[in-house]
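K.L.:
structure for the following, please:
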Amino acid sequence: MEKPLSCIIIEDDTFAAEMAEDIILGHFKNVAITDIISDVATALLRLQEKQPDFVILDVNLKDGNAFELLKGLPQINFKIIFTTSFDKYAVWAFRFSALDYLLKPYLPSDLVQAVEKVISALDHAVYTEQWSAFYHNLDTSDADRKLVLKNLDAIHIVAVKDIVYIASDNNYSQFYLKDDRKLLASKTLKTYEEQLKDSGFLRVHQRFLINMDHIRSYHKKNDMLLLSGNREVPVSQSRKAVLTRFLDRL
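P.N.:
All right, here's what the predicted structure looks like:
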């Protein structure tokens, strides 16, 4: 018989912990809950003793937070599904780093989907890279953030400031970088528009999202932007007024 995957729930709200346990055990016959822990001190010991496959981890615990806990471990060799009440700083760090999180209160189906994702992607080498990006983003300024890009073939970590523009490619997005590299990511342009809206990016066309720091000139006659590396991107009539207002403020 195949050994079940092991899960530890770290949650200081008894009701939330029991709910998570019931959802997981009710939907996954190949997952065993090996411990439910409510504090950082105990979690530090048990995580190293039991070496779970994945953890359901509340961001805010009664004697500290998840990040303090994880920084206290010699290594993170398990996957994590974070649960959190809204904390905008943690949430954007999760999003930029492509880590899994659930906003409380969440639906049972949300946790089921997150666990299914964990089970299908227990790749610790990739996870180490995502963690590196997460800690970088949590402790740095907007201008120095890093973004994790995934596709079927690889995972890439890029500096946000090095992205010149992003082009829509159906349900994918093509990233054009400062060093002339191109990277394909398996998310829509709309997803990145929302993710990067506070990092100096502007949608100037249905197909194009640009980094405003890379604008070199705007040619009004043919509504064309010249970006770093002599790259040209068209501006649609519907987006022209927003771009003009931005340029007028410079």
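K.L.:
count of residues packed around residue 153?
P.N.:
By other CB atoms under 10 Å, the residues close to residue 153 number 8. Where C-beta positions appear, they are placed from N, C-alpha and C, glycine not excepted.
K.L.:
what's the answer for residue 58, then?
P.N.:
23.
K.L.:
got it, and the one 4 residues further on?
P.N.:
For residue 62, the neighbour count with other CB under 10 Å is 10.
K.L.:
for residue 241, what are phi and psi?
P.N.:
phi -60, psi -40 (degrees, to the nearest 10).
K.L.:
pLDDT score for it?
P.N.:
pLDDT for residue 241: 89.
K.L.:
now do residue 171
P.N.:
So residue 171 comes in at 89 (pLDDT).
K.L.:
and it, how many residues sit next to it?
P.N.:
10.
K.L.:
helices along this protein, start to end?
P.N.:
Assigned helices in the chain, in chain order: 14-27, 40-50, 66-71, 88-97, 108-119, 124-138, 189-196, 237-248 (criterion: DSSP state H).
K.L.:
so which of those helices gets nearest residue 56?
P.N.:
For those, distance to residue 56 was read as CB to CB. The smallest value, 5.2 Å, belongs to helix 14-27.
K.L.:
got a list of contacts for the closest one?
P.N.:
By CB atoms under 8 Å, 6 or more residues apart in numbering, the surrounding residues in contact with helix 14-27 are 7, 9, 11, 31, 33, 36, 38, 56, 58, 83, 104, 108, 111-112, 115.
K.L.:
apply 7 Å and report the result again.
P.N.:
Residues outside helix 14-27 that contact it (CB atoms under 7 Å, 6 or more residues apart in numbering): 7, 9, 11, 31, 33, 36, 56, 108, 111-112, 115.
K.L.:
how far does that helix sit from its chain's centre?
P.N.:
Centre-to-centre, helix 14-27 and its host chain are 24 Å apart (CA atoms, centre = their mean, to the nearest Å).
K.L.:
avg pLDDT for it?
P.N.:
95.
K.L.:
just the CA trace of that helix, in CSV.
P.N.:
Provided in CSV are the C-alpha atoms of helix 14-27 (Å, rounded to 0.1, in the frame of the first residue of the first chain):
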residue,chain,number,x,y,z
THR,A,14,-9.3,25.7,17.2
PHE,A,15,-12.4,25.9,15.0
ALA,A,16,-10.3,26.8,11.9
ALA,A,17,-7.9,23.9,12.6
GLU,A,18,-10.7,21.4,13.0
MET,A,19,-12.4,22.6,9.9
ALA,A,20,-9.2,22.3,7.9
GLU,A,21,-8.7,18.8,9.2
ASP,A,22,-12.3,17.7,8.4
ILE,A,23,-12.0,19.1,4.9
ILE,A,24,-8.7,17.4,4.1
LEU,A,25,-9.6,14.0,5.7
GLY,A,26,-13.0,14.1,4.0
HIS,A,27,-11.6,14.6,0.5
